[in-house]
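1. compute the structure for the input listed below.
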Amino acid sequence: MAEGNAGGSVIPMNIKWGKETIDINLIVSNGVPSFKKELEERTGVPCDRMKLMPKSKGLWKGVLKDDFDLSTINFNAALTKTKNSPLQVLLMGSATKLVAPKTKTVFVEDLPEEDVAKVTVEPSGLVNLGNTCYLNSVLQCLRTIPTFRKALRAYNPLQRAGGAARNPNPLVSSLRDIMNNLDRTPNAVPPANFVMATKMAFPQFGQTGPQGQPMQQDAEEFFSGLLTICAEEMRGEETLAAGFPGGKPTAEELNGASNLVDALFGLKMEETLTCDELSGGDISTDMDEGKVSSEMEPAVKSFDLLRKLVCNIQGGVEQISAPGGKPAAPVNINFIQEGINLSLGGKIEKRSEVLGRDAVWTRTQRIARLPPIITVQFGRFYWKQTPDSMDHTGVKCKVMKPVTFQSTLDMYEFCTEKVQSVLRVHRAKALADDEERINKKMKGSDDGDAMDVSTDAAPAATSETNDEDEDAALQAALAMSMETDNVSTEPQKQPPVGPGLPDSFQGIYELFAVVTHKGRNADGGHYMGWVKAEHQGENAKIADTDEVNDDWFVFDDDEVSPCKTEDVLKLKGGGDWHMSYLNFYRAKK
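-> Numbering: from 1, shown residues only. Below you'll find the predicted structure:
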């Protein structure tokens, strides 16, 4: 509070000017001209056009004039009326001189390329250096995997293996460089060094046509070869710790994965072989009659590593269905789940030690370790025998059949029973949480709370109509997730089903990238990459569906265009347009 009418008093004031409020201190001894001058610097309103009128009581009357003696005002009394809050004054007048902005305006054209790339909505493309679309499309998909990018940046070419210095791998080093270059410029990047390193690592990719032009290559072959070399190079605890946000995964989470590629893309598969002729328990145990027991031919179990799953489109025509080796009837594949399930099983001929001859065995594969990223290859290309041709070499063909896929992929049915038991617990917990949330909303509505639960109440109403078997299954799964004793009933921590997966992972993956092929010629055509945008707009729905129509980008080499989820879901095949060849899925949070 100011002291009396002393000339040296400092009075806090709020100046209301249009929609702005300016906080300023009035120094009484400096007089009105000095006060107006300071306001002119703050607002740009000239002193001679400035009109100051009081809003608080106890100040001057009317418009403040330059010769008014401020010391005649009892500011202590005025501040007492406002309870020591700043005094209110109204300023009228228009600014005639421009006030410099607090932040200097910088135009995109004046920014360096690295900064332009950060603010540009569309990511940069890759220049086609002669039938390198197979390479460009795969790179754009891998570019959107943060874990892979972080591990590449941490790749140390001078790391030691077995006590000896190891030279940098040209392919991995150039892959790291091309990824960094894509982030530094909004313009299309020519991958010259990476293409050269690819041809050095894989000489078959350097093949040329009759006129010397580079030949088209298979995108899946390039993808698999690239992962193989990266798996050899990107080893060690430092690389794993750099790639995963939470640090190096535990040994239980890795479950045998020794490098970043296998930890990120690898699926540990449990394969079971059962003899069809000694299964079912129908064989007598009377050895005197020459009969043998089915228990004498135990199932053969083994583990394998896959870095991608295959969606079998042809329908298993080549499978053996009987001891005579007759082919099975073709299976009609319409959905991606059907094709994956078909590729994970089948019939083979294998020697039976019990029977002493070859027999038909059933092969079944199930996932024993889930990765953060799952790649699905659509089996669109196959080799067709041509016995009637002169050279009998055969011909590479393409399957044009449409196979539908959605923006999510449920891996539950493809997992082992051990992994399924963990996923069931997480799913039951999520379902119980949803029901509890809905019940709370319903209760709040019954108590008179203003809450709209018309849409959320529908699942609750539906759940009441579930049959007793489903309710029993839910209760059983919930019981598995609870540790019950005389003290507490806290949820039991479940064992991990893979490295880098979200907490309470339910086995659901979301589509985030696609490599497509256009054309009927398996050795020609054109590849493009389709990648989900990092930043999404409003969550609009695809017409007549519950699918969210997210923002995507399509990479046609150096040309980048926006698209939507509904455009990506149309890439199922069945015509001359682009059709999915490699689908990339990531664990859904």
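2. every contact and neighbour count from this point should use C-alpha atoms.
-> Will do.
3. tell me which stretches of the stretch 201-350 of the chain form strands.
-> Counting by DSSP state E, counting those that start in this stretch, the stretch 201-350 of the chain has strands at residues 267-275, 300-306, 309-311, 345-352.
4. okay, now the nearest residue to Ala242 once chain neighbours are set aside: neighbour count?
-> Closest residue to Ala242 apart from its sequence neighbours, by Cα to Cα, 6 or more residues apart in numbering: Ala151 at 5.5 Å. The burial count assigned to Ala151 is 22, neighbours taken as other Cα atoms under 10 Å.
5. cool, and the one 4 residues further on?
-> A count of nearby residues for Tyr155, using other Cα under 10 Å, gives 21.
6. how far off centre is stretch 352-368?
-> In terms of Cα atoms, centre = their mean, to the nearest Å, the centre of stretch 352-368 is found 39 Å from the chain centre.
7. ok so, going back, worst mean pLDDT among the strands of the stretch 201-350 of the chain?
-> Taking the mean pLDDT of each of these, the lowest value is held by strand 345-352, a mean of 90.
8. which secondary structure elements does that strand contact?
-> The contact analysis (3 or more Cα pairs under 8 Å, 6 or more residues apart in numbering; DSSP states H and E) places strand 345-352 against strand 357-369.
9. residues in contact with the strand it packs on?
-> Residues outside strand 357-369 that contact it (Cα atoms under 8 Å, 6 or more residues apart in numbering): 255, 267-277, 320-323, 344-352, 414-416, 418-419, 497-498.
10. report the buried members of the residues you listed.
-> The neighbour-count criterion (16 or more other Cα atoms under 10 Å) marks 255, 267-275, 277, 320-322, 344-349, 352, 414-416, 419, 497-498 among these as buried.
11. how about stretch 143-154 as CSV, C-alpha atoms only?
-> C-alpha atoms of stretch 143-154 as CSV (Å, rounded to 0.1, in the frame of the first residue of the first chain):
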residue,chain,number,x,y,z
ARG,A,143,11.8,-46.3,-41.0
THR,A,144,8.6,-46.1,-38.8
ILE,A,145,9.9,-48.6,-36.2
PRO,A,146,11.4,-46.5,-33.3
THR,A,147,13.1,-49.4,-31.6
PHE,A,148,14.9,-50.4,-34.8
ARG,A,149,15.9,-46.8,-35.5
LYS,A,150,17.4,-46.3,-32.0
ALA,A,151,19.4,-49.5,-32.2
LEU,A,152,20.8,-48.4,-35.6
ARG,A,153,21.9,-45.1,-34.2
ALA,A,154,23.6,-47.0,-31.3
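12. dump the strands of the stretch 201-350 of the chain to TSV, plus distance to Phe381.
-> Listed next are the strands of the stretch 201-350 of the chain as TSV, based on distance: least, Cα to Cα, whole Å:
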stretch	distance to Phe381
strand 267-275	23
strand 300-306	19
strand 309-311	12
strand 345-352	20
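13. rewinding a little: is the residue nearest to Ala242 in a helix, a strand, or coil?
-> When classified by DSSP: H, G, I helix; E, B strand; the rest coil, Ala151 comes out as helix.
14. which one of the strands of the stretch 201-350 of the chain lies closest to Asn521?
-> For Asn521, the closest of these is strand 309-311, at 20.1 Å, according to Cα to Cα.
15. how about low-confidence regions in the chain?
-> 1-8, 97-121, 157-166, 279-296, 315-330, 386-387, 389-393, 445-491 (pLDDT under 70).
16. looking at it, which residue lies furthest from center?
-> Going by Cα atoms, centre = their mean, the residue of the chain most distant from its centre is Thr72, 70.5 Å out.
17. the helices in the stretch 451-589 of the chain, which residues?
-> 457-464, 468-480, 565-568 (DSSP state H, counting those that start in this stretch).
18. I should have written the stretch 301-450 of the chain there, sorry.
-> Under DSSP H, counting those that start in this stretch, the stretch 301-450 of the chain gives helices at 336-343, 417-446.
19. do you know how far Ser94 is from Ser124?
-> 47 Å (Cα to Cα, to the nearest Å).
20. of the two, who's got more company?
-> Per other Cα under 10 Å, whichever of Ser94 and Ser124 has more neighbours is Ser124, with 23 against 14.
21. that one against Arg184, yeah?
-> No - Ser124 is beyond contact range of Arg184, at 9.2 Å (criterion: Cα atoms under 8 Å).
22. quick one: contacts of stretch 372-387?
-> Stretch 372-387 has contacts (Cα under 8 Å, 6+ apart) with 220, 263-266, 307-314, 392-400, 498-501, 522, 580-587.
23. at 7 Å instead, please
-> 264-265, 308-313, 392-399, 500-501, 522, 581-587 (Cα atoms under 7 Å, 6 or more residues apart in numbering).
24. now list the buried members of these.
-> 264-265, 308-313, 398-399, 500-501, 522, 581-587.
25. still on that earlier bit, Serialize the helices of the stretch 301-450 of the chain to CSV and add fields for distance to Ala77.
-> Formatted as CSV, these follow (distance: least, Cα to Cα, whole Å):
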stretch, distance to Ala77
helix 336-343, 82
helix 417-446, 52
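26. ranking these by burial, who's on top?
-> Across these, averaging neighbours per residue (mean count of other Cα atoms under 10 Å) puts helix 336-343 on top, at a mean of 20.
27. kindly export that one (C-alpha atoms) in PDB.
-> The C-alpha trace of helix 336-343 is given here as PDB (Å, rounded to 0.1, in the frame of the first residue of the first chain):
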ATOM      1  CA  ILE A 336      -5.600 -63.400 -43.600                       C
ATOM      2  CA  GLN A 337      -6.200 -65.500 -40.500                       C
ATOM      3  CA  GLU A 338      -7.200 -68.500 -42.600                       C
ATOM      4  CA  GLY A 339      -4.000 -68.300 -44.700                       C
ATOM      5  CA  ILE A 340      -1.800 -68.000 -41.600                       C
ATOM      6  CA  ASN A 341      -3.500 -70.900 -39.900                       C
ATOM      7  CA  LEU A 342      -3.000 -73.000 -43.000                       C
ATOM      8  CA  SER A 343       0.700 -72.200 -43.200                       C
END
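28. please tell me how far it is from the chain's geometric centre.
-> 23 Å.
29. ok, stretch 70-80 next?
-> On Cα atoms, centre = their mean, the centre of stretch 70-80 falls 65 Å from that of its chain.
30. also stretch 53-66?
-> 63 Å.
31. please identify the buried residues of it?
-> For stretch 53-66, by 16+ other Cα under 10 Å, it's Met53, Pro54, Lys55, Ser56, Gly58, Leu59, Trp60, Leu64.
32. list the contacts of the fifth one.
-> Going by Cα under 7 Å, 6+ apart, Gly58 touches Ala78.
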